[in-house]
Structure formats: structure tokens, C-alpha cells
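A.B. asks: how does the following fold in three dimensions:
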Amino acid sequence: MTILMDDGNHKSPTKSAILSAYKKIVKESKEGDVVFCHYSGHGGRIKDDNGDEDDGHDETLIPVDFEKSGQIRDDDLLKILVHPMAAGVRMTCCMDCCHSGTVLDLPYRFTADGDVEEMEMNERVNFTDALWTGMSIAVGVAAGNAVASAVTSAVAPEMMILGGGPNAIHEYSDTGCCTVA
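C.D. replies: Numbering: from 1, shown residues only. Coordinates of the predicted model:
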């Protein structure tokens, strides 16, 4: 178990330490494992840098050294923690921070607002992009789209993100709540 805390007794939750911990859990996890990731800290949103966000902002985790090292974008979490996780691993992430509702850019979403009773498909997730990661473009766009369609219809909500109601609300607000410049 890896614990990062800014209490002086544990390794500090710097950007490098957080990303290294996520890479470690991915490397050590195998089919049948159950993984729990918990983040309690600051979360934010910054201008989307690659056009994949409908609202124009990436959600972020804000490490203790963000002024020097920067924030951790949802795109990075998807590439480092979600995509490389072995098939058959059941991962639950509890992100206790502002803007956590889609901080992993997952295909399924649960918003704890009292109105939603089931997981909902997050239409913003692009399975085609996920599948192209590491694949040769020579395979062809048609094959990628066919595989993406099959995965989209067959994927069960085995990877979950639990985000609090207020966090989902902040994600779509125009306020400067928890925004770090």
C-alpha cells in the first residue's frame, strides 16, 4: 500500500510521487485483483489543451508542488491509471476533491445527487482514441471504429469513479471555485 500525505511522516504528494504511485499500482495489478485508489486534496480545472472536453476545461488534481510541477490533468490520469490497467482488474477510485466528477474521463458516470440511481454512459468518452493508443495507424480507421463500437457496446462498468454531488455541479459551473491560475 502506498500512502502519500503532507503530514511530515509520509512521502509528500508531489506530482511525481502521485503519478509514480499510480504507475506502480498499474504495474502490480493483474486480472482478478481489486484496487482502491483514494485521493483527498485539491482539485481544479484548467483550459483544455487538446480539444477533448465539451466544456473546454480539463479537470485536475492539484499536488503540493503544483506551482513548480503543474497540475495533473484528467487526460494524464486516463493514460497513466485507466488505459494501462490490466483487463479484469476491478478498480474503485474515490476522488475527494472539487471537479472530481469526470477526473478520470471514464465511460460510465455516477453522480451522487439523489436523482440518479444507475451508472450513466459518459458520451464524452472517445473509445476510438483509447484503442489507438499504442496501435499503428496503418491498421486503418475502419478497423479502429469497428473495434471501438464493439467495445462500447460490451464494456461493463467495472471501473468506477465515485464523485460527490457538489463536485459534478462545480464541473459545469462558471465560478472560479477551486480554480488555480
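A.B. asks: just the strands in this structure please.
C.D. replies: 34-40, 42-47, 57-62, 72-73, 90-96, 108-112, 120-121, 159-164 (DSSP state E).
A.B. asks: can you redo these as JSON lines with mean neighbour count and distance to Thr102?
C.D. replies: In short, each C-beta sits where N, CA and C put it, glycine included. Shown next, in JSON lines, are those (neighbours: other C-beta atoms under 10 Å; distance: least, C-beta to C-beta, whole Å):
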{"stretch": "strand 34-40", "mean neighbour count": "14", "distance to Thr102": "14"}
{"stretch": "strand 42-47", "mean neighbour count": "20", "distance to Thr102": "10"}
{"stretch": "strand 57-62", "mean neighbour count": "25", "distance to Thr102": "6"}
{"stretch": "strand 72-73", "mean neighbour count": "23", "distance to Thr102": "12"}
{"stretch": "strand 90-96", "mean neighbour count": "18", "distance to Thr102": "10"}
{"stretch": "strand 108-112", "mean neighbour count": "18", "distance to Thr102": "7"}
{"stretch": "strand 120-121", "mean neighbour count": "12", "distance to Thr102": "11"}
{"stretch": "strand 159-164", "mean neighbour count": "20", "distance to Thr102": "8"}
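A.B. asks: looking at the ones you listed, which is closest to Ala17?
C.D. replies: strand 72-73 (11.0 Å; C-beta to C-beta).
A.B. asks: what pairs with the closest one, parallel or antiparallel?
C.D. replies: Paired with strand 72-73 in the same sheet, following DSSP bridges, are strand 57-62 (antiparallel).
A.B. asks: could you dump the strand it pairs with to CSV, C-alpha only?
C.D. replies: Taking Å, rounded to 0.1, in the frame of the first residue of the first chain, the C-alpha atoms of strand 57-62 are listed here in CSV:
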residue,chain,number,x,y,z
HIS,A,57,-11.7,22.5,-19.4
ASP,A,58,-9.6,19.6,-18.2
GLU,A,59,-10.3,18.5,-14.6
THR,A,60,-7.2,18.3,-12.4
LEU,A,61,-5.7,17.0,-9.2
ILE,A,62,-3.5,19.7,-7.6
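A.B. asks: model confidence over it, on average?
C.D. replies: Strand 57-62 carries an average pLDDT of 93.
A.B. asks: picking up where we left off before, possible to save the strands of the chain as a markdown table with distance to Pro84?
C.D. replies: Formatted as a markdown table, these follow (distance: least, C-beta to C-beta, whole Å):
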| stretch | distance to Pro84 |
| --- | --- |
| strand 34-40 | 12 |
| strand 42-47 | 22 |
| strand 57-62 | 18 |
| strand 72-73 | 16 |
| strand 90-96 | 12 |
| strand 108-112 | 19 |
| strand 120-121 | 22 |
| strand 159-164 | 12 |
